[in-house]
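In: with the input below, show me the fold.
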Amino acid sequence: MDLSKLLSLDTINLSCDAESMKQAFCCIARQACETNGSLDRSGIIAALVDRERLGSTGIGGGIALPHARLPGLTQEKAIILRLDKAVDFDAHDDQPVDIVCALLVPEDACQDHKKCLAKLARVLRDPKVSKRVREAASKEAVHTALQAGIAHQANGGASGNGEALNLRAATANVAA
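Out: Down below sits the predicted model:
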């Protein structure tokens, strides 16, 4: 799964006024339905809530990677939200979340989406990338920051062993 193909300007929302995790899921569903009218908004929310019951998708550093398999979806889709106010996602570091990157995959998707989640986690946990996403004035700037982070990771990224170990621990539950 090519991360760069998952990201598009129409799936980026720079001002989500969610005041809770469930409201963030509602924003994800709204954004997904705007770009794919055949999806069921309540089904998306239910799938995200069900997945979250298995364990938090908050990976730390103010970032969450909720994900779900959806009937009717024909290709993977990433939805990026920047929350106006950080909300509790029960993240392992107890920090509230202000960046949400949701991965929605077809119901019959293979296990490749778990690798995609790990890659997204590495990109978003890069302090330079998350800072640029938080400070971006436009969807284009967010898209550029994420694409640069993806390219950096594809070229080996500068991750020390300690960071890699922490990231594996933080993303172990997310990949479930």
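
In: list the contacts for the spatially most central residue of the chain?
Out: With distances taken as CA atoms, centre = their mean, Cys101 lies nearest the centre of the chain, 1.7 Å away. Cys101 makes contact with Ile63, Ala64, Leu65, Ala78, Ile79, Ile80, Leu81, Leu120, Leu124 under the criterion CB atoms under 8 Å, 6 or more residues apart in numbering. C-beta here means a position set from N, CA and C on the backbone, and glycine is covered the same way.

In: among the residues you listed, which one sits closest to Leu39?
Out: When the contacts of Cys101 are compared for distance to Leu39, the smallest value, 11.2 Å, is given by Ile79; criterion: CB to CB.

In: just to be sure, that closest one is in a strand?
Out: Yes: using DSSP: H, G, I helix; E, B strand; the rest coil, the assignment for Ile79 is a strand.

In: how many neighbouring residues does it have?
Out: By the criterion of other CB atoms under 10 Å, Ile79 has 27 neighbours.

In: residues touching the residue lying closest to it once chain neighbours are set aside, list them.
Out: In space, and not counting its chain neighbours, Ile79 is closest to Ala102: 4.3 Å by CB to CB, 6 or more residues apart in numbering. Shown here is Ala102, whose contacts under the criterion CB under 8 Å, 6+ apart are Ile28, Ala32, Leu48, Leu65, Pro66, His67, Ala68, Ala78, Ile79, Ile80, Leu81.

In: quick check, Thr74 in a helix?
Out: No: secondary structure assignment (three-state DSSP) places Thr74 in coil, not in a helix.

In: what distance do you get for the spatially closest residue to it that is not a sequence neighbour to Arg69?
Out: Distances taken as CB to CB, 6+ apart place Pro106 nearest to Thr74, at 6.2 Å, with adjacent residues excluded. In this structure, Pro106 and Arg69 are 7 Å apart, going by CB to CB, to the nearest Å.
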